[in-house]
Structure formats: C-alpha cells, structure tokens
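**Q** Based on what follows, work out the 3D shape:
(one chain, ligands or ions: 1)
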Amino acid sequence: MHFIVTGGAGFIGNHLVRHLLGRGHSVEVIDNLHSGRMENLEGLDNDIKFHKIDILEYDKLKNIVKNADGVFHEAALTVVQESYDKPKEYHMVNVVGTENIFKLAKEFGFKVVYASSSSVYGNPEKIPIRENAPRKPLNPYGETKLQDELLAEKYSREGVTIIGLRYFNVYGKGQTLSYAGVITKFLDRLKEHNPPIINGEGSQVRDFVYVKDVAEANLLAMEKKIDSCFINVGTGKIISILDLANMMIDVAGMQVKPIHGKPLEGDVKESQADINFARKTLNWEAKMELRDWLVQILSPKKI
Ligand SMILES: NC(=O)c1ccc[n+]([C@@H]2O[C@H](COP(=O)([O-])OP(=O)(O)OC[C@H]3O[C@@H](n4cnc5c(N)ncnc54)[C@H](O)[C@@H]3O)[C@@H](O)[C@H]2O)c1
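**A** Take a look at the predicted model:
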C-alpha cells in the first residue's frame, strides 16, 4: 500500500515510517521540519520520498496525498507550555492543518489515522479513562486536539473514515521534550550524574507507552475494517513521576535523591488508559515494559 505520513521527521512519525517500510509499504513523508529533523530519517533516502512542506499549504498537500491509500497524520505543534504563548499558531497548525487532511480525505476517498491525545480528557473524573469519558482539556494544546476530534466527527458523518488514536505518554528513542519528555529530562540529568528534577511533589501519575508499540497501533488502525472512532493508545498501567524518578535512579545504579521544583501549569494529575477498546478493535496491546526499556538504555555501563 502507498501511505503518507505527515510529521514523519518527528519523534513518533519517524518510528512509524520505519515500521511501515518494514512491513513492505511505500511511504512519502510531509514535514516542515519545525521540530522534526532529517537525522530522524537517516538511512532512508532511497526508501522514502520526503517533501519539506507545511500542512497549511493546501495545494501542495493535495498533489502529494491524492494518490494515497491512506494518510497517517502526526504533524502538529506539540509543546503544551508553548501553546499558552502561541494559541493562534497552535490553532492554525493543529486545527486548520488537520482539517486540510480531512478535507482532502473527503475529496480523494482515502482513510485517515491521526494522532489525537489523552490531553483531550484533561483531569479525568476517574481512572482508567474510557473513550466515552468527558472531554475537558486543560490547556490550549489539548483544546486544539479536542477541536480536531469535533472535526473528525463532522467529516466522519460526511463519509470519511477517520480513526483518532488518543496517545498517552509516548516514550522511546528520540523523544522530544513534550509529553513523556519527562523521561528524557531525567535521562539527561542522570547522564550528567545529577539527580532528576520533579515538577511538584511527583504524585501525578502517567501511562507511558513505547513508541514502537504506538507505530504498530497506527498500522493496525489503518488495516482493520473499522468505523470512525477514537481509541486510547496506552498501556493501562501507571507510575507516579516520583516512582519513575526513583526507578530511573535505581536502574542507573546511582545513590541520589530526586529534587522537587515548582508544579507545572495545566499539568494533568492522573492519566491512565482503559485499553479494552484498543484490544477489541485493534487486537492490540503494548508489548514493551517501561523498566525493560530503561534497563536497555540506562544500565550503569551505558552512562
Ligand atoms: N509524544 C507524545 O507522547 C504524544 C502524546 C499525545 C499525542 N501526540 C501527538 O502525536 C503527534 C506526533 O508527536 P511527536 O511527539 O512525534 O512530536 P514531534 O514534535 O516530534 O513531531 C511533530 C512533527 O510535525 C512536524 N510539523 C509541525 N508543524 C508542521 C507543519 N505546519 N507542517 C508540516 N509538519 C509540521 C514537526 O516538524 C515534527 O516533525 C502529534 O500530533 C502530537 O500532538 C504525541
């Protein structure tokens, strides 16, 4: 099959591109390199076609996607704290840009699997969070993801198949500093033999899901004959940020204690996916255990 990946030079996008190639698909990447990097696509020059364009450039986008069997839409502005300072920019890229993809899907009849986010839930009334929980984002970034979902619902009613994957906190090689960026921040500190700095007490809990598992969920969502819907992509397991810091210190074999800084504005307190719908619709479950991955990259020999 012939697929387009927007945001393919980004963290999740590049793992998805590699996953699709590994399964024998042909792939074109659209990315304006805002936060994405060509290094993420190293070694793929002969395997993919790369287009440095902005998802707001409708006509250029149209020429590329018109022959696609499906589009994986990952491109977005992704830094929660920055979204407070640049709400208009976030709206343009994340909402208008996403609607461009949906419009083209309607015109050309391709299926869309796109990156929604657990941030649409805000602070949930209870965890684990089911897909039908109320959507009350806490910050402008989450608001853009909610607007995308409303658009996805509108275009689905008009006959387009759109699967929105609500990623929880995605971690893995090359992760950016947003979301699961806490792992990268702690890793960077530990590599310098410094203790991790926690925002607030560290009692906030998260559901960390491995990027290659996320790539697999994307492909399954594209392949399965399912109606438009939103699906949680998490592990269903949680860890507090304090326990994460202590686990990383332990795996690194260090004798330090985490430091506590100021709590972050708009930081969700609890996040945990209910994964029953993902199991049922995609026959998917995350395989990687967070501790196992940390051991791979953080064993005392490596830092
Ligand atoms: N990483 C997570 O934990 C997480 C969680 C929930 C949702 N998401 C969503 O997953 C998607 C991928 O996130 P990521 O973590 O890989 O972030 P990322 O910043 O690494 O990737 C985003 C990519 O989009 C590209 N991009 C940005 N604006 C663009 C534009 N106007 N035109 C074309 N390309 C543009 C960037 O250059 C980058 O390559 C995003 O939609 C994000 O909101 C991520």
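**Q** And the residue located most distally from the centre of the chain, how far from Ser119?
**A** Each residue of the chain has a distance to the centre, and by C-alpha atoms, centre = their mean the biggest one is for Gln255: 32.8 Å. Counting by C-beta to C-beta, to the nearest Å, the gap between Gln255 and Ser119 amounts to 36 Å. Where C-beta positions appear, they are placed from N, C-alpha and C, glycine not excepted.
**Q** And Lys280, by the same measure?
**A** Taking C-beta to C-beta as the measure, Lys280 and Ser119 are separated by 23 Å.
**Q** Ok, His51 next?
**A** When C-beta to C-beta is the yardstick, His51 and Ser119 sit 28 Å from each other.
**Q** These two: who's more crowded?
**A** The residue with more neighbours, out of His51 and Ser119, is Ser119; 25 against 18, by other C-beta atoms under 10 Å.
**Q** Could I get the contacting residues of the closest residue to the more buried one other than its chain neighbours?
**A** Sequence neighbours aside, Gly142 is the residue nearest to Ser119 in space, at 3.6 Å (criterion: C-beta to C-beta, 6 or more residues apart in numbering). Under the criterion of C-beta atoms under 8 Å, 6 or more residues apart in numbering, the contact partners of Gly142 comprise Val80, Ser117, Ser119, Val120, Gly122, Gly266.
**Q** most surrounded residue in these?
**A** The member of the contacts of Gly142 surrounded by the most neighbours (other C-beta under 10 Å) is Ser117, with 27 neighbours in all.
**Q** Please enumerate the strands of the stretch 101-250 of the chain.
**A** For the stretch 101-250 of the chain, the strands defined by DSSP state E, counting those that start in this stretch cover 111-117, 162-167, 169-171, 197-199, 205-206, 208-210, 229-233, 239-240.
**Q** if I look at the closest residue in space to Leu290 that isn't next to it in sequence, how far off is Val95?
**A** Sequence neighbours aside, Phe208 is the residue nearest to Leu290 in space, at 5.2 Å (criterion: C-beta to C-beta, 6+ apart). Between Phe208 and Val95 the computed distance is 27 Å (C-beta to C-beta).
**Q** who has more neighbours, the two?
**A** In terms of neighbours (other C-beta under 10 Å), Phe208 is the more surrounded of Phe208 and Val95; the figures are 25 against 19.
**Q** isn't the more buried one right next to Gly172, touching?
**A** No - with the criterion set as C-beta atoms under 8 Å, Phe208 and Gly172 do not qualify as a contacting pair; they are 9.7 Å apart.
**Q** burial of the residue nearest to Pro134 when sequence neighbours are not counted, as a residue count?
**A** Computed as C-beta to C-beta, 6+ apart, the closest residue to Pro134 that is not its neighbour in sequence is Glu125, at 7.0 Å. Glu125 has 10 neighbouring residues, counting by other C-beta under 10 Å.
**Q** For Gly97, which three-state class applies?
**A** helix (DSSP: H, G, I helix; E, B strand; the rest coil).
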